[in-house]
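S.K.: Compute the structure for the input listed below.
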Amino acid sequence: VCLAPADSPWVNWSQPIHYGTISPWRITFKLFADTVPKTAENFCVLSTGEKGFGYKGSCFHSIVPGSVCQGGDFTHHNGTGGKSIYGEKFTDENAILKHTDSGFLSLVNAGPNTNGSQFFIFREGMDVVRKIEQTCFQDEIKQVKKKHGITQERDK
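M.R.: Numbering: from 1, shown residues only. Reported below is the predicted structural model:
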């Protein structure tokens, strides 16, 4: 379980990112466990798969070049699914933290109290996220969307 030491507001999370036969890349995040403890715990446990489900084998289903990479839908793999370790969804913890820098990791939700497993990463300044963006061709993303019946693009 990823929990920060009592005197630390951060959880360091590091996980290999795989793409096809390319050697895995590693991406590291610092999670605000003091401010959003349930959210940080949810992300860490989904990363390890210790509850029997999680991020392993899931994809980045939406990449907006120059902006964000979105992933975490390990149930449908298209941006319509996912679940939390607390059940389908869990309540919001904080509205104070703002996206003020590149590399911020945030949960995606569909409105108040709908947090699950999907997340997005602001990519500016992050080499691994840039590699994902460059390597995961838009044609492949279109194939995933077609396979799962997604016919419209989300507003960007």
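
S.K.: Any idea which helix or strand in the protein has the lowest mean pLDDT?
M.R.: strand 10-19 (a mean of 54; mean pLDDT, DSSP states H and E).

S.K.: Residue 35 and residue 97 touch, don't they?
M.R.: Yes - counting by Cβ atoms under 8 Å, residue 35 touches residue 97, with 6.2 Å between them. (Glycine included, C-beta is placed from N, CA and C.)

S.K.: Burial check on residue 112, number of neighbours?
M.R.: Residues lying near residue 112 (other Cβ atoms under 10 Å) number 9.

S.K.: try residue 55
M.R.: 21.

S.K.: wait, what's in contact with it?
M.R.: Applying Cβ atoms under 8 Å, 6 or more residues apart in numbering to residue 55 gives the contacts 15, 46-47, 49, 71-72, 74, 117.

S.K.: Swap in 7 Å and give it another go.
M.R.: Contacts for residue 55 (Cβ atoms under 7 Å, 6 or more residues apart in numbering) come out as 46-47, 72, 74.

S.K.: Check residue 66 too.
M.R.: Contacts of residue 66 (Cβ under 7 Å, 6+ apart): none.

S.K.: so where does it fall, helix or strand?
M.R.: Of the helices and strands defined by DSSP states H and E, none includes residue 66.

S.K.: and what of the one 4 residues further on?
M.R.: Secondary-structure assignment from DSSP H and E places residue 70 in strand 68-71.

S.K.: now residue 46
M.R.: Counting by DSSP H and E, residue 46 is part of helix 37-48.

S.K.: With only the CA atoms kept, save that helix in PDB.
M.R.: The C-alpha coordinates for helix 37-48 follow below in PDB (Å, rounded to 0.1, in the frame of the first residue of the first chain):
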ATOM      1  CA  PRO A  37      -5.500  10.600   1.100                       C
ATOM      2  CA  LYS A  38      -8.300   8.500  -0.500                       C
ATOM      3  CA  THR A  39      -7.400   9.700  -4.000                       C
ATOM      4  CA  ALA A  40      -3.700   8.900  -3.400                       C
ATOM      5  CA  GLU A  41      -4.500   5.500  -1.900                       C
ATOM      6  CA  ASN A  42      -6.900   4.700  -4.800                       C
ATOM      7  CA  PHE A  43      -4.200   5.500  -7.400                       C
ATOM      8  CA  CYS A  44      -1.500   3.500  -5.600                       C
ATOM      9  CA  VAL A  45      -3.600   0.400  -5.000                       C
ATOM     10  CA  LEU A  46      -4.800   0.400  -8.600                       C
ATOM     11  CA  SER A  47      -1.200   0.700  -9.700                       C
ATOM     12  CA  THR A  48      -0.200  -2.400  -7.800                       C
END
